[in-house]
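Participant: I would like to see how this sequence folds:
(chains A, B, C and D)
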2 protein chains.
Amino acid sequence: MARHSILDSLNDTLRKETLENIRVMELPPGQILFTAGEHCQGLPLVMGGRIKVQMTGVSGHSIVLYRMQADDICTLSIGCLMTGRAYRAEAVVEEGAEALMIPRGVFDRLMDQSAEFRLGIMESYGRRLDDLMLLVEEVAFRRMDRRLEEWLLAHAASGTVVITHQELAVELGTAREVVSRLLKELERRDMVKLSRGKIEVTGLAESSSPA
Amino acid sequence: MARHSILDSLNDTLRKETLENIRVMELPPGQILFTAGEHCQGLPLVMGGRIKVQMTGVSGHSIVLYRMQADDICTLSIGCLMTGRAYRAEAVVEEGAEALMIPRGVFDRLMDQSAEFRLGIMESYGRRLDDLMLLVEEVAFRRMDRRLEEWLLAHAASGTVVITHQELAVELGTAREVVSRLLKELERRDMVKLSRGKIEVTGLAESSSPA
DNA sequence: CGACTTCAGTGATAAAGTCACAGTCAATCT
DNA sequence: AGATTGACTGTGACTTTATCACTGAAGTCG
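Facilitator: Numbers count the residues shown, from 1 in each chain, chains lettered A, B, ... in the order given. Next comes the predicted model:
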């Protein structure tokens, strides 16, 4: 039942030992895996579902940093686990998920005994750094209308997304009013249909407006 | 000669072996440690000086992501080293530096044999993720005038910084014109004195304008 | 059915980014 | 030295994005 690709690489003894010492967590949608200021209890290995990680600035604004899905590792937790610092971000379950909680001791042991486990952790870290670097660039330099269109394409290629303007603003790290106005403009151009709490994408091509 | 705190934790045998297999790099100011698209040759351990890491977006704009100083580890390189991906960012030496280059094999061996080395790496990773998360928040939500003032305070508490407006724009991830105008406004308020290629900070208090 | 809450739309204004260009300063080259 | 060149700075005009303040519309629940 406890399936996560990073555990596959372990030898039988180590895997057996690990499985005896970890906890399986059931994560219903809406559940908070951790919040800012909290301390880390263990390393979550995500087995399924979808979990978003977002942070809230001093200004009170929030922005989604990245998402975790099946076979992901909550890299953010490692830093907190190792140094004892508190989380700076918050993780919210979007789609009902299952995760394994690896306590500090087991993590240390796996890092010590399995080169494959280490590789998995390092890869995960690398990907996360990459994600964040891309996000910095996105937020710093790209135009909001393009980013909104891309988000819609990625999340509702030509169907319907259930999301409020406020939530979409957090996805993009902007203000609700900005999203409302841009969406309204897209509706005028017949690219989306708006209704309370959902957006129907009707005519967004891969490069609708010239870059 | 080769001093980096993470090596102190190693036992004698391991340290001796490591020192025999690493290369010391002299890094004069201006030297490029790596550029975007390049592949990683080893893990740099920074022994001194200062190196800035910045990336350039598709738009052609650049932004400084973070800096490395004495006893830092170029965490970014680990991901590239382990997965073979190319660098996405660029590292430029600001103050003449020395660094140790740890090749892949030695890195693997250290990760395998030293719990302290692993801890150092993990800590470094954690800090980097934290830095980037803070940067995302900064770029997404904070006002440019405040950020500029803070930058000036941090880099020239009440002295002079040698920097062009263009370089300062890259520090903050904005456009040169924006920096020029904000600086001019600060000069009108007698908080800085401007001259070609340098800025003299004369009257910037910790919270000059109300947050 | 109201009363309440959440969500969406919009005008007015301020901040930031873009484009185009002019002026200034310093270094280099006959 | 004077001319030329290139990097640096300043600024107007305009667009995009953010903020503030408010209105109305859509769902929820007593």
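Participant: Could you find the closest non-adjacent residue to the most centrally placed residue in chain A?
Facilitator: Closest to where the C-alpha atoms of chain A average out (Cα atoms, centre = their mean) is A:Arg67, at 1.3 Å. Once flanking residues are discounted, A:Arg67 sits nearest to A:Lys52: 5.0 Å by Cβ to Cβ, 6 or more residues apart in numbering or on different chains. All C-beta atoms are positioned from the backbone trio N, CA, C, and that covers glycine.
Participant: for A:Arg3, same thing?
Facilitator: Nearest to A:Arg3 is A:Met47, by Cβ to Cβ, 6+ apart, at 5.9 Å.
Participant: rewinding a little: what about the residue nearest to A:Arg67, neighbour count?
Facilitator: The local packing of A:Lys52 (other Cβ atoms under 10 Å in any protein chain shown) involves 19 other residues.
Participant: cool, A:Arg23 as well?
Facilitator: Other residues close to A:Arg23 by other Cβ under 10 Å number 12.
Participant: and it, what are its phi and psi?
Facilitator: Backbone torsions for A:Arg23, taken as degrees, to the nearest 10, come to phi -120, psi 140.
Participant: And A:Leu204, by the same measure?
Facilitator: Dihedral angles (degrees, to the nearest 10) for A:Leu204: phi -110, psi 110.
Participant: quick one, helices of chain A?
Facilitator: A:5-8, A:12-20, A:75-83, A:104-113, A:115-141, A:144-156, A:165-172, A:176-188 (DSSP state H).
Participant: out of these, deepest packed?
Facilitator: Ranked by mean neighbour count under mean count of other Cβ atoms under 10 Å in any protein chain shown, the helices of chain A are led by helix A:75-83, which reaches a mean of 22.
Participant: Run the chain-centre distance for it.
Facilitator: 16 Å (Cα atoms, centre = their mean, to the nearest Å).
Participant: elements contacting that helix?
Facilitator: strand A:43-46, helix A:104-113, helix A:115-141, helix B:115-141 (3 or more Cβ pairs under 8 Å, 6 or more residues apart in numbering or on different chains; DSSP states H and E).
Participant: picking that back up, A:Val53 is in contact with the residue nearest to the centre of chain A, correct?
Facilitator: Yes: between A:Arg67 and A:Val53 there is a contact at 7.0 Å, judged by Cβ atoms under 8 Å.
Participant: if we look at stretch A:170-180, which residues are touching it?
Facilitator: By Cβ atoms under 8 Å, 6 or more residues apart in numbering or on different chains, the surrounding residues in contact with stretch A:170-180 are A:54, A:61-64, A:139, A:144, A:147-148, A:151, A:163, A:165-166, A:168-169, B:136, B:140-141.
Participant: Can you name the residues that contact the residue nearest to A:Ile6 when sequence neighbours are not counted?
Facilitator: Excluding the flanking residues, the one nearest A:Ile6 by Cβ to Cβ, 6+ apart is A:Gly120, at 4.1 Å. Taking Cβ under 8 Å, 6+ apart, we find A:Gly120 in contact with A:Ser5, A:Ile6, A:Ser9, A:Ile73.
Participant: With pLDDT added, can I get those in CSV?
Facilitator: What follows is the contacts of A:Gly120, written out as CSV (pLDDT from 0 to 100):
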residue, pLDDT
A:Ser5, 95
A:Ile6, 96
A:Ser9, 92
A:Ile73, 97
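Participant: Spell out which two among the residues you listed are the most distant pair, please.
Facilitator: A:Ser9 and A:Ile73 (12.8 Å; Cβ to Cβ).
Participant: what residue ranges in chain A score low on pLDDT?
Facilitator: Scanning chain A for pLDDT under 70 picks out the ranges A:1, A:206-211.
Participant: Report how many residues lie close to the spatially closest residue to A:Ile32 that is not a sequence neighbour.
Facilitator: Leaving aside its sequence neighbours, A:Ile32 sits nearest to A:Val92 (Cβ to Cβ, 6+ apart; 5.8 Å). For A:Val92, the count of nearby residues is 18 (other Cβ under 10 Å).
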